[in-house]
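Engineer: Sequence first, predicted coordinates after that:
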Amino acid sequence: FAFVFFQRLNSLQELQLLDIMCNYFQEQTKDSVRQIIFSSLFSPQGNKADDSRMALLGKLVSMAVAVCRVPVLECAAFWLQRTPAVYCVRLARALVDDYCNLVPGSIQTLKQIFSASPRFCCQFITSVTALYDLSSDDLIPPSDLLELIVSWIFEDPRLILITFLNTPIAANLPIGFLELTPLTGLIRWCVKAPLAYKRKKKASLSNGHPPSKIAKDSTSGEDRDCHQLYSKLHLSVLQVLMMLQGHLTEKNLYGRLGLVPFDHIVPLVEEINRLSDELNPLNASKEIELALDRLAQALQVAMASGALLCTRDDLRTVCSRLPHNNLLQLVISGPVQQPTHGALPPGFYPHIHTPPLGYPAHAAHPALPAHPALPAHPVQTFIPGMTFPYRPIR
């Protein structure tokens, strides 16, 4: 097969080659042999043949999705796990072009591989979230792709942990490769989505060509559907984060491996701050509030589960420039560890949280003066001879 990367093939020859490859990997019974052959064919070598190699890989995986060749999809999943992210993003883009942009409705074919190769689906989601980071209007995920991914994850949230649960893991992960889970990318989607769609709407209104009523209604309905999908996705991400503490403890990685790296939270917060400044806060207050609420929820649950390894001081430093948000203030303030008390005085109630940032601590109230003793009531004299009539309840 190696010769094909150094010569041009016509369309018929290319189709025949892809069919031969699909059949070979389908008929090869040994997983180890399949992995070695696949890696030797498609691992980037840093030469001019890499472009041809990536183009052929995209077509091979696209064909495997169309005809449901599970061995090829499994090989592609391992390839995505072991290849620098810049190449993984190129494969993800090729699949998105084929199944979301080229032929309308073909996304249903991609949707069906959920049960055939969950490992590939997990790696595909990780690649897609690396590709579409919502940094510009062109990098907002297509609505069909968003619906596909949300349907997968909502059906079984554990899907996004498959690579993590089935891979021997060291505490130090290699730099420049895809993350073990798509959690960070999905958090980025959920948090930035309200602001990114608001920016997109603002740009369409300021280009000097106001949309027609029909186009405006269609766009509003599509955006509304997307916002509902992001809400479902956010719920699923929180559910997965809550599962992680047990899995990290089982792998002896609790407190040692951050599946939501703090180094990735820092640029996310900076992007939110930049978008908030770019949008007029008076016209985007709801979107900013929603984005910050989702950020606060994700940070709190990630820290509680051990997925995010940082201190409250780290969060306070990073989030200090963000617009005020009550929930975020509670999260970054955090609970105060009370000293051990002997006997608490009556009526003493220890503080649960430190005061939010920007608000001074209240001084303790002076002790209230003691109430004067109430006069004693006269004691009723007991008269033994006095009888009380008994009246049954009717």
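Structural biologist: Now that the structure is in, tell me what you want to look at. This structure is a prediction, so every number in the text was calculated from the model and none was measured.

Engineer: And Leu315, which helix or strand is it part of?
Structural biologist: helix 312-319 (DSSP states H and E).

Engineer: what comes up buried for that helix?
Structural biologist: For helix 312-319, a neighbour-count test (16 or more other C-beta atoms under 10 Å) marks Leu315, Val318, Cys319 as buried. No exception for glycine: its C-beta is placed from N, CA and C like everyone else's.

Engineer: could those be laid out in a markdown table, adding pLDDT and distance to Pro174?
Structural biologist: Output for the buried residues of helix 312-319, formatted as a markdown table (pLDDT from 0 to 100; distance: C-beta to C-beta, whole Å):
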| residue | pLDDT | distance to Pro174 |
| --- | --- | --- |
| Leu315 | 94 | 27 |
| Val318 | 95 | 25 |
| Cys319 | 95 | 29 |
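
Engineer: Just give me the closest of those to Phe124.
Structural biologist: Proximity of those to Phe124 (C-beta to C-beta) peaks at Val318, which lies at 30.4 Å.

Engineer: my guess is that closest one contacts Val266, does it?
Structural biologist: Yes: at 5.6 Å, Val318 and Val266 qualify as touching, with contact defined as C-beta atoms under 8 Å.

Engineer: Need the overlap of contacts for those two.
Structural biologist: With C-beta atoms under 8 Å, 6 or more residues apart in numbering applied, the contact sets of Val318 and Val266 do not overlap.

Engineer: List the residues that contact Ser127.
Structural biologist: Residues near Ser127 by C-beta under 8 Å, 6+ apart: Leu80, Ala85, Cys88, Val89, Leu91, Ala92, Leu178.

Engineer: who wins for most neighbours among those residues?
Structural biologist: Among those, the one with the most neighbours (other C-beta atoms under 10 Å) is Ala92, at 26 neighbours.

Engineer: Give me the contacts around whichever strand or helix holds it.
Structural biologist: Element membership for Ala92 (DSSP H and E) is helix 85-96. With contact meaning C-beta under 8 Å, 6+ apart, helix 85-96 is reached by 44, 50, 54-55, 57-59, 61-62, 65, 76, 80, 110, 123-124, 126-128, 130-131, 142, 145, 176-178.

Engineer: right, and the helix or strand after that helix?
Structural biologist: helix 107-111.

Engineer: need the next SSE after that next one, C-terminal direction.
Structural biologist: Proceeding N to C from helix 107-111, the next assigned helix or strand is helix 118-131, under DSSP H and E.

Engineer: Next one, pLDDT for the residue nearest to Asp225 when sequence neighbours are not counted please.
Structural biologist: Nearest non-adjacent residue to Asp225, counting by C-beta to C-beta, 6 or more residues apart in numbering: Ser143, 7.1 Å away. Ser143 is assigned 94 on the pLDDT scale.

Engineer: what's the burial count for Ser143?
Structural biologist: With neighbours defined by other C-beta under 10 Å, the count for Ser143 comes to 15.

Engineer: is it true that it touches Arg224?
Structural biologist: No: using C-beta under 8 Å, Ser143 is not in contact with Arg224; the gap is 11.1 Å.

Engineer: Please list all residues in contact with the nearest residue to Met21 once chain neighbours are set aside.
Structural biologist: Spatial nearest neighbour of Met21, chain neighbours left out: Leu60 (5.7 Å); criterion: C-beta to C-beta, 6+ apart. By C-beta under 8 Å, 6+ apart, the contact set of Leu60 is Leu18, Met21, Cys22, Val72.

Engineer: so the first one sits in a helix?
Structural biologist: To tie it back to what came earlier, the one meant is Leu18. Yes: Leu18: assigned to a helix according to DSSP: H, G, I helix; E, B strand; the rest coil.

Engineer: so who does it touch?
Structural biologist: Leu18 neighbours (C-beta under 8 Å, 6+ apart): Leu56, Lys59, Leu60, Met63.

Engineer: any idea which element the last one lies in?
Structural biologist: Meaning Met63. Per DSSP H and E: helix 49-67 holds Met63.

Engineer: So for that helix, mean pLDDT?
Structural biologist: On average, helix 49-67 scores 92.

Engineer: mind saving the C-alpha coords of it as PDB?
Structural biologist: In PDB, the C-alpha atoms belonging to helix 49-67 read as follows (Å, rounded to 0.1, in the frame of the first residue of the first chain):
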ATOM      1  CA  ALA A  49       3.500  12.300   1.700                       C
ATOM      2  CA  ASP A  50       1.600  13.200   4.800                       C
ATOM      3  CA  ASP A  51      -1.000  15.200   2.900                       C
ATOM      4  CA  SER A  52      -1.800  12.200   0.600                       C
ATOM      5  CA  ARG A  53      -1.700  10.000   3.600                       C
ATOM      6  CA  MET A  54      -4.300  12.100   5.500                       C
ATOM      7  CA  ALA A  55      -6.500  12.500   2.500                       C
ATOM      8  CA  LEU A  56      -6.600   8.700   1.900                       C
ATOM      9  CA  LEU A  57      -7.200   8.100   5.700                       C
ATOM     10  CA  GLY A  58     -10.200  10.500   5.700                       C
ATOM     11  CA  LYS A  59     -11.800   8.700   2.700                       C
ATOM     12  CA  LEU A  60     -11.100   5.200   4.300                       C
ATOM     13  CA  VAL A  61     -12.700   6.100   7.600                       C
ATOM     14  CA  SER A  62     -15.600   7.800   5.800                       C
ATOM     15  CA  MET A  63     -16.200   4.600   3.800                       C
ATOM     16  CA  ALA A  64     -15.900   2.500   7.000                       C
ATOM     17  CA  VAL A  65     -18.600   4.600   8.600                       C
ATOM     18  CA  ALA A  66     -20.900   4.300   5.500                       C
ATOM     19  CA  VAL A  67     -20.500   0.500   5.300                       C
END
